[in-house]
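Enquirer: Based on what follows, work out the 3D shape:
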Amino acid sequence: MKTFAELTDQARTALQDRDWQRLAQLMDQNFDLRRSVYTDECLGPGNLKMVKLAKQFGSAVKLPGSGGAVVGLCLDEARLVEMRQAFQEAGCVFCVIAPYDPSTGGRR
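Expert: Residues are numbered from 1 along each chain as shown. Model (predicted):
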């Protein structure tokens, strides 16, 4: 659990610094750690399918909660249309989200 907390602290710093490459690395580390702790059997084939699909498009990806969804960070926006189509063809809902930053009035 200590490692999860350390990853969270590092991710917060990456967000504050707008270091998207570092945030992507931390998201992947978070998922890898979770996978090693809980095993593939516990994570389930549906969650693993979504993770694999996101990674095929070069996105960092992690589970945001107990399962049933993934959050990805796609650094190549040109791939979003293709990725959305692949997720939808796999029976998944795909939503593009953009975090709100009050210090910039919502701009990225």
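
Enquirer: And Arg34, how far from Ser103?
Expert: In this view, Arg34 and Ser103 are 30 Å apart by C-beta to C-beta, to the nearest Å. For glycine as for every other residue, the C-beta is placed from the backbone atoms N, C-alpha and C.

Enquirer: do Val71 as well
Expert: With C-beta to C-beta as the criterion, Val71 and Ser103 are 22 Å apart.

Enquirer: which one of these two has more residues nearby?
Expert: Applying other C-beta atoms under 10 Å to Val71 and Ser103 shows that Val71 carries more neighbours, namely 16 against 7.

Enquirer: What sits closest to the more buried one if chain neighbours are left out?
Expert: By the measure of C-beta to C-beta, 6 or more residues apart in numbering, the closest residue to Val71 outside its immediate chain neighbours is Pro64, 4.7 Å from it.

Enquirer: ok, now Gln88?
Expert: Phe94 (5.9 Å).

Enquirer: contacting residues for the one you found?
Expert: 83-84, 87-88 (C-beta atoms under 8 Å, 6 or more residues apart in numbering).

Enquirer: in this structure, which helix has the most residues?
Expert: Of all segments of type helix in the chain, defined using DSSP state H, the longest is helix 20-43.

Enquirer: ok so, going back, now, of the contacts of Phe94, which are buried?
Expert: 83-84, 87 (16 or more other C-beta atoms under 10 Å).

Enquirer: and Tyr100, backbone torsions?
Expert: Backbone torsions of Tyr100, given as degrees, to the nearest 10, read phi -90, psi 130.

Enquirer: Please, where are all the helices along the protein?
Expert: 2-16, 20-43, 45-56, 80-89.
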